[in-house]
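Asker: how would this look folded up:
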Amino acid sequence: MDFSKLLVSFLLLQFLFANYSTVHAAPNCPSKLFREYIGAEGQDLTFSDVPINANVEFHFILSFAIDYTNSSIPLPTNGYFNVYWDKENLSPYRVSCIKAEHPNVKVAMSLAGDTVGGGFNVSFDPASVESWVRNAIYSVTNIVKEYNLDGIDIDYEHFKADPDTFAECIGRLLYYLKRNRIVTFTSIAPFEDEDVQPHYLALWRKYGHLIDYVNFQFYAYQKGTNVSQFLQYFETQRGNYEGGKILVSFGTDESGGLKPQNGFFNATSILKSQGKLEGIFIWSADDSKKDNFYYEKQAQDLLAL
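Answerer: Residues are numbered from 1 along each chain as shown. All right, here's what the predicted structure looks like:
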């Protein structure tokens with residue numbers, strides 16, 4: 001065999017070995033990702049109020065940037081996002097401080113949310129794909145740069161456009177932000193609903209390769225959910241978002257799902273033992289303040305083990 005053939009064979013073996021190592025190393029590296037939404041409810045809360053375990057990867061998710069006007073009757077702005085979180089306590093300066101103090105902390109923002117202006121639904125309502133994407137790229141990029149953010153989360157919960165339009169608008173936005181290295185990670189926050197799921201599944205089918213985490217809102221399931229039901233729901237969503245990193249979740253408000261006092265951490269331990277636990281997120285720090293972030297500490301301790 002001549003030198004050129006030997007070189008090709010060697011390079012091929014290196015490629016195969018590198019890919020084999022990459023693919024097969026992941027199961028031995030359990031996720032230690034903890035995420036928490038913050039800022040939606042004006043609780044005079046700062047990042048430093050929330051306990052941060054140095055042995056986890058910690059994401060704060062600012063809630064929310066919304067493409068609606070701040071008026072007595074809020075109106076959609078066709079992708080032009082404005083900051084609606086507590087800007088005084090969760091300012092660009094505070095973002096820089098918490099990231100400097102804790103190297104394991106990253107900060108993202110969530111787009112849309114449920115309501116605005118005292119109860120008006122935040123609906124996905126683009127005038128056109130092109131105009132919405134253009135406005136979203138401009139406004140989101142400006143906020144990311146102003147606040148020195150690391151990622152974005154998509155949390156539309158009401159829709160006045162079909163799933164394909166939603167997929168195309170959000171997908172193009174994610175593509176631009178990632179391709180131009182404006183953000184380093186992205187996530188979506190779907191939940192089980194006959195209108196919500198088709199929109200996110202359409203996005204996942206076409207642009208799932210651009211989505212790093214699925215912040216599935218397991219707290220949107222019925223109150224009184226037990227461990228067995230929770231594990232079934234988890235498997236269902238793993239099937240829906242096949243290949244995705246499905247994070248488990250609970251709410252510290254009056255939402256439903258499997259609560260910590262009813263076995264959430266038992267279920268999470270089972271998933272961890274099975275190598276299926278990709279991380280935990282909580283809605284929200286604002287609601288946890290009253291209990292001194294008791295469950296945030298417990299969740300991070302479990303992930304850090």
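
Asker: From the chain's centroid, how far away is stretch 131-139?
Answerer: Centroid displacement of stretch 131-139 relative to its chain, using C-alpha atoms, centre = their mean, to the nearest Å, is 20 Å.

Asker: What lies in contact with that stretch?
Answerer: The set of residues external to stretch 131-139 that reach it, using C-beta atoms under 8 Å, 6 or more residues apart in numbering, is 65, 67, 77-82, 126, 169, 172-173, 176-177. From N, CA and C alone the C-beta is placed, and that goes for glycine too.

Asker: can you check stretch 163-170 too?
Answerer: Everything outside stretch 163-170 that qualifies as a contact, by C-beta under 8 Å, 6+ apart, is 79, 124, 126, 129, 132-133, 136, 154, 156, 159, 161, 198-199, 201-203, 205-207.

Asker: Of those residues, which belong to strands?
Answerer: Counting by DSSP state E, the members of these that fall within strands are 124, 154, 156, 159.

Asker: So which of these is surrounded by the most neighbours?
Answerer: Ranked by the number of neighbours (other C-beta atoms under 10 Å), those place Tyr156 first, at 26 neighbours.

Asker: wait, what's in contact with that one?
Answerer: By C-beta under 8 Å, 6+ apart, the neighbours of Tyr156 are 111-112, 122-124, 166, 199.

Asker: So Leu303 versus Trp283, what's the distance?
Answerer: Leu303 is 17 Å from Trp283, where distance means C-beta to C-beta, to the nearest Å.

Asker: Give me the more crowded residue out of these two.
Answerer: A direct count of neighbours by other C-beta under 10 Å for Leu303 and Trp283 places Trp283 higher, at 26 against 22.

Asker: So in terms of bridging, what pairs with the more buried one?
Answerer: Here Trp283 sits in beta bridges with Gly251, as judged by DSSP bridges.

Asker: Give me the pLDDT value at it.
Answerer: Looking at Trp283, its pLDDT stands at 98.

Asker: One more: Leu16?
Answerer: Per-residue pLDDT puts Leu16 at 35.

Asker: Over to Gly118?
Answerer: At Gly118, the pLDDT recorded in the model is 85.

Asker: ok so it is a strand residue?
Answerer: No: according to DSSP: H, G, I helix; E, B strand; the rest coil, Gly118 belongs to no strand; its state is coil.

Asker: thinking again about what came up before, so which of the contacts of Tyr156 belong to helices?
Answerer: With helices taken from DSSP state H, the overlap with the contacts of Tyr156 comprises 166, 199.

Asker: thinking again about what came up before, generate a ChimeraX selection restricted to the buried subset of the contacts of stretch 163-170.
Answerer: In ChimeraX syntax, the buried subset of these is picked out as below (16 or more other C-beta atoms under 10 Å):
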select :79,124,126,129,132,133,136,154,156,159,161,198,199,201,202,203,207
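
Asker: re the thing from before, export the contacts of stretch 131-139 to CSV and append columns for distance to Val116.
Answerer: Listed next are those as CSV, based on distance: C-beta to C-beta, whole Å:
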residue, distance to Val116
Ala65, 11
Asp67, 10
Thr77, 11
Asn78, 15
Gly79, 15
Tyr80, 14
Phe81, 12
Asn82, 10
Pro126, 17
Cys169, 19
Arg172, 24
Leu173, 19
Tyr176, 25
Leu177, 23
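
Asker: Please, where are all the helices along the stretch 51-200 of the chain?
Answerer: With DSSP state H, counting those that start in this stretch, the ranges of helices along the stretch 51-200 of the chain come out as 92-101, 129-147, 163-179, 196-207.

Asker: Could I get those in TSV, plus columns for mean pLDDT and distance to Glu296?
Answerer: Written out in TSV, the entries for those read as follows (pLDDT from 0 to 100; distance: least, C-beta to C-beta, whole Å):
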stretch	mean pLDDT	distance to Glu296
helix 92-101	98	15
helix 129-147	98	22
helix 163-179	98	28
helix 196-207	98	26
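
Asker: In TSV, list those helices along with distance to Ala54.
Answerer: As requested, the helices of the stretch 51-200 of the chain are exported to TSV (distance: least, C-beta to C-beta, whole Å):
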stretch	distance to Ala54
helix 92-101	11
helix 129-147	23
helix 163-179	28
helix 196-207	33
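
Asker: which residue is nearest the middle of this structure?
Answerer: Nearest to the mean C-alpha position of the chain, counting by C-alpha atoms, centre = their mean, stands Ser187 at 3.8 Å.

Asker: In contact with that residue, which residues?
Answerer: Ser187 sits next to 35, 108, 151-154, 211-215 when contact means C-beta under 8 Å, 6+ apart.

Asker: what do you get for Ala108?
Answerer: Contacts of Ala108 were listed using C-beta under 8 Å, 6+ apart, and they are 59-62, 149-153, 183, 185, 187.

Asker: Can you tell me which of the residues you listed are buried?
Answerer: With neighbours counted using 16+ other C-beta under 10 Å, the contacts of Ala108 contain these buried positions: 59-62, 149-153, 183, 187.
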